[in-house]
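Chemist: Sequence first, predicted coordinates after that:
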Amino acid sequence: MRVLIIDDEESIRKTTGVLLDGAGHETVSVANGAAALKLLDQAHFDVAFLDLKLEGESGLEVLPKLLKVDARLDVVVFTAYASIDTAVEAIRMGAIDYIPKPFTPEQIRQVFAKIIKTRKFTGRVAELEYRLSANSPGVDFSTSEPAMQKVIDLAFKAAASQATVLILGDSGTGKGVLARAIHEKGPQRENAFVTVSCPSLSRELLESELFGHVKGAFTGAMADTWGKVAAADGGTLFLDEVGELPLEIQPKLLRLLQEKEYERVGEAKVRRANVRVVAATNRDLEQAALEGRFREDLFYRLNVITLQMPPLRERRGDVLKLAGSFLQFFAAQCGKKLNGFSPSVEQALLQYPWPGNLRELRNVVERAVIVAGGDRVELADLPDKLHGPSPQPDGNGWQVGARISLAELEAAHIRRVLAQAATLEEAAEVLGINPATLYRKRKRSGL
């Protein structure tokens with residue numbers, strides 16, 4: 001953690017700094033409130049140690065000013081035994097703890113143990129709140145398909161280790177859901193699960209999002225940021241669509257995997273992060289490595305435990321069970337009482353090839369629940385494409401004038417371009433859009 005020490009006694013500043021530096025923290029010391037506020041305005045700090053009796057000013061006056069600049073700052077106050085009542089007042093004003101003077105190294109360690117425990121608890125509560133508010137049904141990993149069961153068994157065995165996991169599979173097969181399940185069954189479950197969508201940003205912004213940057217590192221860098229790697233310290237860093245990671249950033253990811261070290265953009269200081277990496281992609285990384293589009297050494301470093309998610313068309317035995325789970329969730333969300341699917345709907349669900357996999361199935365069921373007028377989902381409640389044999393493309397694509405929507409036509413065209421292009425950037429160039437727009441269209445269409 002970055003710690004700001006505010007005390008007018010040089011001996012206290014030095015002693016506290018030595019203790020905290022020795023414990024692996026980074027410290028900066030100042031003698032008064034004005035200097036502390038100036039530093040807080042320029043850089044990020046996790047914790048501040050504040051003397052309640054500064055020369056010419058009261059710590060009780062400085063405390064609210066510190067929290068006004070950064071409400072997330074954890075403030076610990078120094079106090080003499082004679083001013084414990086003042087320390088209690090400081091806690092009422094927002095400080096998290098106090099240390100009496102003179103203090104011992106053990107008291108400092110206990111305060112930090114409390115801070116770390118509180119932050120883990122806060123993160124866990126935030127995670128639970130996210131799940132409760134997430135617009136998604138609960139995850140059930142039971143399956144009747146041997147291929148899927150094999151993937152789940154291996155995933156949960158790997159979860160107990162710190163090994164890097166690479167999840168392969170088509171878009172929409174549930175790679176992100178499985179990554180989160182691996183985190184929750186692993187030793188790092190009490191810490192953060194942090195997702196980075198590799199194709200969603202430019203190279204410069206993606207590097208900053210991953211590793212953080214210092215103020216002034218590039219145009220628009222108005223303040224220090226710590227990045228997703230720092231946020232995932234002690235937990236799991238999930239790299240979604242890692243096959244789209246720019247070549248310039250790949251050596252830095254390799255260093256993080258091998259050495260647990262990284263540097264923020266614009267900063268030479270080497271930092272360490274104990275993160276467990278789970279990566280996912282719908283690309284053939286081995287082929288990309290052979291063609292020079294992905295670093296071979298990074299591929300082998302990611303490829304410790306590989307999980308191949310089967311597409312939904314190869315999980316016919318799970319389709320109705322998954323659809324039923326989606327039905328229950330969305331019916332409850334819409335306040336409807338639905339008693340399942342009609343036989344014709346079940347037949348349609350089983351016959352459809354599901355090119356968009358689980359994501360497409362989820363969207364179809366959600367739509368059906370919304371438009372259903374009876375006590376069960378009927379065939380008329382499904383999109384037209386599920387009413388009969390899917391229109392077949394000719395050698396060049398969908399027939400112009402076929403009874404399909406513009407969205408389906410666009411999705412089919414994007415799917416074919418992606419299959420032929422070597423990279424996301426090449427596909428975007430062919431389509432005449434930027435990679436970020438292509439990424440959003442893929443997500444929206446379940447590609």
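Modeler: Yes, it's here.
Chemist: low pLDDT regions in the stretch 101-250 of the chain?
Modeler: Residues of the stretch 101-250 of the chain meeting the criterion pLDDT under 70: 120-139.
Chemist: That one: helices as residue ranges?
Modeler: Secondary structure of the stretch 101-250 of the chain, counting by DSSP state H, counting those that start in this stretch: helices at 105-133, 146-159, 175-184, 203-211, 227-231, 250-259.
Chemist: Measure how buried the residue lying closest to residue 30 once chain neighbours are set aside is and give me the count.
Modeler: Once flanking residues are discounted, residue 30 sits nearest to residue 36: 5.1 Å by CB to CB, 6 or more residues apart in numbering. C-beta coordinates here come from the backbone N, C-alpha and C atoms, glycine included. Residues lying near residue 36 (other CB atoms under 10 Å) number 24.
Chemist: tell me the pLDDT at residue 36?
Modeler: We have a pLDDT of 92 for residue 36.
Chemist: got the contact list for it?
Modeler: In this structure, residue 36 makes contact with 4, 6, 30, 48, 50, 62, 66, judged by CB atoms under 8 Å, 6 or more residues apart in numbering.
Chemist: Check the secondary structure at the last one for me.
Modeler: So the one you mean is residue 66. Secondary structure state of residue 66, per DSSP: H, G, I helix; E, B strand; the rest coil, is helix.
Chemist: what sits against it?
Modeler: Residues counted as contacts of residue 66 (CB under 8 Å, 6+ apart) are 33, 36, 37, 40, 48, 50, 73, 75.
Chemist: what residues are up against the most centrally placed residue in the chain?
Modeler: Against the mean C-alpha coordinate of the chain, by CA atoms, centre = their mean, the closest residue is residue 195 at 1.9 Å. Contact analysis of residue 195 by CB under 8 Å, 6+ apart lists 176, 228, 238, 240.
Chemist: Looking at these, which one is closest to residue 219?
Modeler: residue 228 (21.1 Å; CB to CB).
Chemist: what's the closest one in contact with, if anything?
Modeler: Residue 228 makes contacts with 194, 195, 196, 209, 210, 237, as judged by CB under 8 Å, 6+ apart.
Chemist: Run a quick neighbour tally on the fourth one.
Modeler: Per other CB under 10 Å, the neighbour tally for residue 209 reads 19.
Chemist: Verify the stated contact: it with residue 194.
Modeler: No. Taking CB atoms under 8 Å as the definition, residue 209 is not a contact partner of residue 194, at 10.3 Å.
Chemist: Which residue comes closest to residue 70 once chain neighbours are left out?
Modeler: Distances taken as CB to CB, 6+ apart place residue 40 nearest to residue 70, at 5.7 Å, with adjacent residues excluded.
Chemist: typo on my end, residue 423
Modeler: Among residues not flanking residue 423 along the chain, residue 293 sits closest, at 6.3 Å (CB to CB, 6+ apart).
Chemist: Give the helix, strand or coil label for that neighbour.
Modeler: Three-state assignment for residue 293 (three-state DSSP): coil.
Chemist: Now do it against residue 428, distance only.
Modeler: With distances taken as CB to CB, to the nearest Å, residue 293 is found 15 Å from residue 428.
Chemist: Compare these two (neighbour count), which wins?
Modeler: Between residue 293 and residue 428, residue 428 has the larger neighbour count (other CB under 10 Å), namely 22 against 15.
Chemist: Cheers, nothing more for now.
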